[in-house]
Every structure is written in C-alpha cells, then in structure tokens.
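Peer 1: here's my sequence, what's the structure:
(chains A, B, C and D)
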2 protein chains.
Amino acid sequence: MENLELFKLLGDATRLSIIRMLAREDSFVELIASSLNLTSATVCYHLKKLEGAGLVRCSRSQFYKIYALNREIFDRSLTDLVLTAELPVDPEEKYRREVISTFIKGGRLVSIPVQQKKREIILRHILTRFETGRDYDEREVNAILIEFHEDYCTLRREMISFGLMSRDHETYRVIE
Amino acid sequence: MENLELFKLLGDATRLSIIRMLAREDSFVELIASSLNLTSATVCYHLKKLEGAGLVRCSRSQFYKIYALNREIFDRSLTDLVLTAELPVDPEEKYRREVISTFIKGGRLVSIPVQQKKREIILRHILTRFETGRDYDEREVNAILIEFHEDYCTLRREMISFGLMSRDHETYRVIE
DNA sequence: TGAATGATTAGAAAACTGTCTAATTACCAT
DNA sequence: ATGGTAATTAGACAGTTTTCTAATCATTCA
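Peer 2: Model prediction:
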C-alpha cells in the first residue's frame, strides 16, 4: 500500500504549502519556514517526509541545502492512483535503490562495486553531493569523495571515465 | 483550501478500501463493513465523510442504502490538484445545492418553486427517493411525495410533465 | 582553528482521527 | 401499528501527527 502514503503526505496543509512553494521555485529550509511562519524544525520535519517518499530532492549549494520538487511524481491521474492498489514502482528505480542501500551504509561506501552497472549507480549517487555549474579543484573533489571511501583516487578517476565529471588540468566540473 | 480535504480523505487506508470496493460495484454499509472486518458504525463514519465531500452518493433501495462512487471527481491529474489552490467548483452543481438548501428544510419542501429551472432541480432531488427500474402504484407515489409537501398532486403531475416519471394507467416509473 | 549560520534531532505537549460499543433512529413488510 | 433490519449518532478511548523549544550537528568563511 504505497499510494496511501502519497495521499497522506498531500493531506496536510503545511506540506501542501511547501510543495506549492517548491513548485514555484527551489528553496531552502529557513526561507520556507519564514514564509510560512513556522520554525525551521517543523519545516525540516515535513521536508524529510517528502524526501523519504521521493516527492522532493535536495542538493547542497554553499551555505544552503536547496530543496526541489520531483515533478514527475505528480504526472499521474487521480483515477490511477486511487484504483491502483499498488503503485507500479519503476523497476529501474527500485533496482537503483537496492544497489544504493546495499553498498552505502551509514553514508559510507562499503566497497566499490565491480559490476559496471552498479558502479555507475553508486557514482551517480555520490555525484549528487557536488553542485552543478561550478568548478572544483582537485583538493575539493578529494575531500568530498573521501567521505564515501578511502580510495578516493579510484572514485575520481571513474567519475571521469563514466563521463560524469569533466577534467581540465586541475579543474573538475559536473557534466550536466 | 479545498483539495486539501480531498487528499485528507484519500489518505486513510480504510477509506481507500471503501472507495476501491465502490469502484468495483455499488454497495451498502453492512456489506462493506463485513468485507473489511469493521463495524457498521465505522463504515458509516467514513461514508459520511466521503459523501460530504461529494466523492460518493447514496440512494435508497428497499432495505438498503446503496452507496455509489462519483467517478467524475477522480478525473483530474495530481498536478492540477496539487498546484491549484482552489478546486474549481462546478457552478452548475453549486447552484443546484443552493436551490436545494433554500427550498428544502429539515427534509420538507417549504414551497414548490415557481421558476421552472428551480422546480426541475427540486423534482430531480425528490426523484432520488424513488428506485429506478421498478413500478410504483399511485398510492406509493403519493406516500413518498407527501413527505416533501402536502400538495403531492402537483408534485406528481410535474414529475410527469418534466419527463422525469412515466405513467401508464395507475402505474408510475422513473424514466432513466 | 574557531565563529557563524543553516539543518537536523530529541523530547514533550496538544490536537486530531479512527475505531469501538451501545443506544437511537429510519425505514420496510406484514 | 408492530417487529425487524439497516443506518446513524453519541461518547469514550487509543493511537497518530503536528508543532514547538532546546540542544546538537554540519558546513562555510575569516
């Protein structure tokens, strides 16, 4: 019973407001909180729920954590949602989550997957820690990668060879 | 804030089950209750909520009150529902409700509307007290109509002239 | 490194919701 | 009218949810 969860999330005034704000434009906890006259704690509580259900995703940008709406989730008709007992989970996405939860424990990469497909999933996951549209020097890249695994060199090299990041001398950048 | 209400209603496992049952086939309180292992009181509680929001309608048939799903409510996309703050109430339906609440107080018709449009709305409303697909003799028809207004003769005549019921000698029938 | 700022978590209070039992009401059939 | 059946209401209880404050954590910048 999975659509139920979706309706529960949508069935709260505060959360709907948050979703509507994010539909207009990406935002971050404090801004949302002050717009809605709530504490950061409250907004955080709701965003965690929304994120857990995949309605929202977040990336860090300098000071802030930017939350954005996952719009594709909403591209379904009520009839489908109501009459379908089970939400037909995208098998691709299901697999992705399984791989991530297998290889990443407590935020650390337990080992670098050997299978190319799994390796790419993990690399893409790690990639979300980087901002798009800005340059990183090698030191910064290493600092982020080492949070996941001691062998940051392999990770860095693989980011390049999977075409996820570009390298120009000492400068790295996420390929969008 | 009106769509919120819709999501709240859908965000309960029991209510979703009820809705799914009704999507399959019209049903009545006790049957739903026994299917879902709940008491009638509980099912009644939910059906009232659903009816209040117009998701469900009910008509009496002999012993039972038959509940049916208002399927047109579900013909919208999630995106619309989420991003539209106000649900655009059908103005026709809004008007209909106003007329009914103006002319019917405590289940009784305070007066028979003079305006044809309003008169038809009221007649159609009264018509829901009749079952479709079965014959009534004049005595039965009168018995039902008199609950609404002492002048049951006018009501009966108007049912015919508005084409809502057919008459063949002493036999009346709802026209579907 | 340390100060500042934003995000998160923990814990508790308050409000809300779904469910039940028991009593009552509404309707139908004889 | 009366008895039976279905539906509803009232009241109580338990569980869940939202929200806050205060404390802690994480990240950036000087």
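
Peer 1: which residues does the helix or strand harbouring A:Ser17 contact?
Peer 2: Following DSSP states H and E, the helix or strand that holds A:Ser17 is helix A:13-24. Helix A:13-24 has contacts (CB atoms under 8 Å, 6 or more residues apart in numbering or on different chains) with A:9-10, A:27, A:32, A:35-36, A:38, A:42-43, A:46-47, A:49-50, A:55-56, A:67-69, A:71, B:1, B:3-4, B:7, B:82-83, B:85. (C-beta placed from N, C-alpha, C; glycine too.)

Peer 1: so that helix, near DNA strand C or not?
Peer 2: No - using CB under 7 Å from any atom of the strand, helix A:13-24 never reaches DNA strand C; the gap is at least 10.0 Å.

Peer 1: buried residues, that helix. List them.
Peer 2: Neighbour counts over helix A:13-24 (16 or more other CB atoms under 10 Å in any protein chain shown) mark A:Arg15, A:Leu16, A:Ser17, A:Ile18, A:Ile19, A:Met21, A:Leu22 as buried.

Peer 1: of the contacts of helix A:13-24, which ones also sit close to DNA strand C?
Peer 2: With respect to DNA strand C, and counting by CB under 7 Å from any atom of the strand, the subset of the contacts of helix A:13-24 in contact is A:Leu47.

Peer 1: and stretch A:38-58, how far out from the chain middle?
Peer 2: 12 Å (CA atoms, centre = their mean, to the nearest Å).

Peer 1: how about it, which residues are buried there?
Peer 2: Buried residues in stretch A:38-58, counted by 16+ other CB under 10 Å: A:Leu38, A:Val43, A:Cys44, A:His46, A:Leu47, A:Lys49, A:Leu50, A:Ala53, A:Leu55, A:Val56, A:Cys58.

Peer 1: also stretch A:136-153?
Peer 2: Buried, per 16+ other CB under 10 Å, within stretch A:136-153: A:Tyr136, A:Val141, A:Asn142, A:Ile144, A:Leu145, A:Phe148, A:His149, A:Tyr152.

Peer 1: okay, it in PDB with CA atoms only?
Peer 2: Coordinates of the C-alpha atoms in stretch A:136-153 are reproduced here as PDB (Å, rounded to 0.1, in the frame of the first residue of the first chain):
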ATOM      1  CA  TYR A 136      36.100  22.200  -8.100                       C
ATOM      2  CA  ASP A 137      39.800  21.900  -7.700                       C
ATOM      3  CA  GLU A 138      41.200  18.500  -7.000                       C
ATOM      4  CA  ARG A 139      41.600  19.000  -3.300                       C
ATOM      5  CA  GLU A 140      37.800  19.800  -3.000                       C
ATOM      6  CA  VAL A 141      36.900  16.800  -5.100                       C
ATOM      7  CA  ASN A 142      39.000  14.500  -2.900                       C
ATOM      8  CA  ALA A 143      37.600  15.900   0.200                       C
ATOM      9  CA  ILE A 144      34.100  15.000  -0.800                       C
ATOM     10  CA  LEU A 145      35.000  11.600  -2.200                       C
ATOM     11  CA  ILE A 146      36.900  10.500   0.800                       C
ATOM     12  CA  GLU A 147      33.800  10.900   2.900                       C
ATOM     13  CA  PHE A 148      32.500   7.900   0.900                       C
ATOM     14  CA  HIS A 149      35.600   5.800   0.600                       C
ATOM     15  CA  GLU A 150      39.300   5.900   1.400                       C
ATOM     16  CA  ASP A 151      40.100   5.100  -2.200                       C
ATOM     17  CA  TYR A 152      39.100   8.500  -3.500                       C
ATOM     18  CA  CYS A 153      41.500   8.200  -6.400                       C
END
